[in-house]
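*Asks:* Turn this into a structure:
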Amino acid sequence: MSDIIRRRPVKLDLEKNIAICCIMSQGFLHKMSKVYKAELFKSEYIALIIAWCIEHHEKHGTAPSKNIKRIYERKKDTLEEEVIALIESVLVELSGNYEKYETIDNGFEFEEAERYLSTYKIEQHTSKVQEFLLNGELDKAKKLTESYSPIPNIEGELDTLEVFSHKTAVLDAFKGSGSPLFFFEGAFGKMFNRFFTKSGLIAIMGAEKMGKTWATIAMLLKALQAQRRVAYFAVGDMPQDEMLIRIAVALSGRSNEQEFCTGVRDVVSAEYADDEIAVEFSAPYNVQPLTPHEAQQTITNYGQQVGSNLFRLVCSPTHSVTASELKAIASEWRKADGWQPEVIIIDYPDILLPEKYEKERRHFENSKWMEIRGWSTDKEHNQPLIIIPTQIKQEGYKKKYITREEVAEDKRKLAHPTVIMGLNQSEEEKDMQVMRFNLVAVREGRCSPAKCCTATQCLDKGQFIAQSFWRSTDENTRAFNRDI
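*Replies:* Numbers count the residues shown, from 1 in each chain. Purely as a prediction, here's the structure:
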């Protein structure tokens, strides 16, 4: 031990805190034992204390706590006076303050420690590479660069919460739940806003060509308006070019196709009476098709308005990627530049590859949905809200409203989402540019699939929801006048 403490003096507050956490917290020490290497610490006496703690943990399964003094007494005869003085400074700080350190937040403290150690390791590695470069030793610099390995990431391990002793866990639970990440107006918002929350999984069920992708684009834009980071994974049904065009159409309110720019009609008012819908349209009007340059400028301007680093789009061919591979992409973003989506849209999981191959196809579907649900609750990924459209069975195409019976492939899908949104539209309603929405299933609260809210729309110009109401658009006028 004669060469201990030969490095330049450093600020040791963080390293000393790591040592104290190892002495006092079994949970922290258990995690540190998985990443510990002496060279990760600037001060070797701190590394020595932590090595003692790990040795104690391996023998007894606990953190040493007050026993650290006895461990030190056994070891000090082999140490130099300078090292003894430094270790005793830590023990003096602990003396009389054991109660203060008994309620350590393992998750937070280890996250801070991991960040500090990772930074130091990168600094040391970079310094060695630069030294080789300055000496003209390019091959050694290249070899050292390629050999770099980060500190093992163990954030995904299960943490046990000591419920009765934790001082803020319940407060944190209330603080983190129930706050929508973005909002819709009108009856649609009253029905669904409460589900647009962190760690939610929203399934959008509808027939083919019902407008499920338009629904996700509407939610994408609402999330961006609320300054949320959004990742959109288009996994086969919609190529990148078409996705970008649709987003530009929704933002500009103009189609790029001439046929959808001629005789455009907006719904002025709509009302249900005895389940019959009456709609009043505006006079037909024409607009100029959206040009490529206008589309580019529209998206550029919108990015400047909401924030240029809020939206990432990933497109892949049909049946080419699994849900876990999408999650891995998000992990790479976090590691590369710290970017983590708060809202994730996967359009759509029905055409993802299964996580593993089973004899029965229905097991394929359940494995996908289980993986996606796990992603939405993963603390390492900041528990994002995930939105996933899905097809219904063909038998449900002509039903008035979607129920649980219309779930395609595997009934176990119902177990995973926090809410299932139904998109309901007859051919007549499609001509009248109205759509009904219902709650097919919810994890928390009451649900009546027969209760629908209605929205007017104009998909010719990318408008999925213009106004939403219960029985009549007049409700919105009355509500507006009341608020005024």
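*Asks:* how close does Arg436 sit to Arg265?
*Replies:* Relative to Arg265, Arg436 is positioned 19 Å away (CB to CB, to the nearest Å). Yep, even glycine has a C-beta here, placed from its N, CA and C like the rest.
*Asks:* Which one of the two is surrounded by more residues?
*Replies:* Higher neighbour count among Arg436 and Arg265: Arg436, with 20 against 15, using other CB atoms under 10 Å.
*Asks:* ok, the helix or strand hosting the more buried one: who's next to it in the sheet?
*Replies:* Using DSSP states H and E, the element containing Arg436 is strand 434-442. Each strand paired with strand 434-442, and its direction, by DSSP bridges: strand 419-424 (antiparallel), strand 452-456 (antiparallel).
*Asks:* Ok, which of those strands comes nearest Lys413?
*Replies:* Nearest to Lys413 among those is strand 419-424 (8.2 Å), distances taken as CB to CB.
*Asks:* End to end on stretch 247-264, go ahead and measure it.
*Replies:* 19 Å (CA to CA, to the nearest Å).
*Asks:* what comes up buried for it?
*Replies:* When burial is assessed from 16 or more other CB atoms under 10 Å, stretch 247-264 yields the following buried residues: 247-252, 254-256, 260-261, 264.
*Asks:* can you pull out the strands in the chain?
*Replies:* Secondary structure of the chain (DSSP state E): strands at 201-206, 230-234, 267-273, 276-281, 311-315, 343-347, 385-391, 419-424, 434-442, 452-456, 468-469.
*Asks:* Run the angle between the longest one and strand 276-281 for me.
*Replies:* It stands for strand 434-442. Calculated by axes from the mean of the first three to the mean of the last three CA atoms, to 10 degrees, strand 434-442 forms an angle of 130 degrees with strand 276-281.
*Asks:* Give the rounded mean pLDDT of strand 434-442.
*Replies:* Mean per-residue pLDDT for strand 434-442: 92.
*Asks:* What of the shortest one?
*Replies:* In this model, strand 468-469 has an average pLDDT of 91.
*Asks:* What strands flank it, and is each parallel or antiparallel?
*Replies:* Strand 468-469 pairs in its sheet with strand 452-456 (antiparallel), by DSSP bridges.
*Asks:* chain center to stretch 80-88: distance?
*Replies:* In terms of CA atoms, centre = their mean, to the nearest Å, the centre of stretch 80-88 is found 47 Å from the chain centre.
*Asks:* Model confidence at Arg482, what's the number?
*Replies:* 49.
*Asks:* closest to Thr291 out of the strands paired with strand 434-442?
*Replies:* strand 452-456 (27.5 Å).
*Asks:* what does the closest one rub up against?
*Replies:* For strand 452-456, contacts defined as CB atoms under 8 Å, 6 or more residues apart in numbering pick out 186-188, 190-191, 267, 270, 272, 277, 279, 401, 424, 433-438, 464-470, 473.
*Asks:* Just the buried residues from those residues, in PyMOL please.
*Replies:* Buried residues among the contacts of strand 452-456 (16+ other CB under 10 Å), as a PyMOL selection:
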select buried, resi 186+187+188+191+267+270+272+279+401+424+433+434+435+436+437+438+464+465+466+467+468+469+473
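*Asks:* circling back: dump the strands of the chain into TSV; add distance to Trp333 as well.
*Replies:* What follows is the strands of the chain, written out as TSV (distance: least, CB to CB, whole Å):
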stretch	distance to Trp333
strand 201-206	20
strand 230-234	8
strand 267-273	40
strand 276-281	44
strand 311-315	7
strand 343-347	11
strand 385-391	15
strand 419-424	27
strand 434-442	31
strand 452-456	33
strand 468-469	34
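*Asks:* what's the domain layout of the chain?
*Replies:* Following automatic domain parsing, one finds the domains of the chain at 13-151, 186-483.
*Asks:* Of those domains, which stretch is the most buried?
*Replies:* domain 186-483 (a mean of 17; mean count of other CB atoms under 10 Å).
*Asks:* Please report the distance of Cys453 from Ala231.
*Replies:* Taken as CB to CB, the span from Cys453 to Ala231 is 28 Å.
*Asks:* Tell me the spacing between Thr390 and Met210.
*Replies:* For Thr390 relative to Met210 (CB to CB), the value is 11 Å.
*Asks:* likewise Leu91?
*Replies:* For Leu91 relative to Met210 (CB to CB), the value is 69 Å.
*Asks:* for Ala415, same thing?
*Replies:* As judged by CB to CB, Ala415 and Met210 stand 24 Å apart.
*Asks:* now the helices for the stretch 201-350 of the chain?
*Replies:* 212-225, 240-252, 292-306, 323-337 (DSSP state H, counting those that start in this stretch).
*Asks:* now the angle from the first one to helix 240-252?
*Replies:* Regarding helix 212-225 and helix 240-252, their directions subtend 60 degrees when assessed with the same axes, to 10 degrees.
*Asks:* Helix 212-225 - what's its average pLDDT?
*Replies:* For helix 212-225, the mean confidence score works out to 96.
*Asks:* For Asn256, give me its contacts.
*Replies:* Taking CB under 8 Å, 6+ apart as the test, what Asn256 contacts is 245, 248-249, 289-292, 295.
*Asks:* Quick check: nearest residue in space to it, chain neighbours excluded?
*Replies:* In space, and not counting its chain neighbours, Asn256 is closest to Leu290: 4.5 Å by CB to CB, 6 or more residues apart in numbering.
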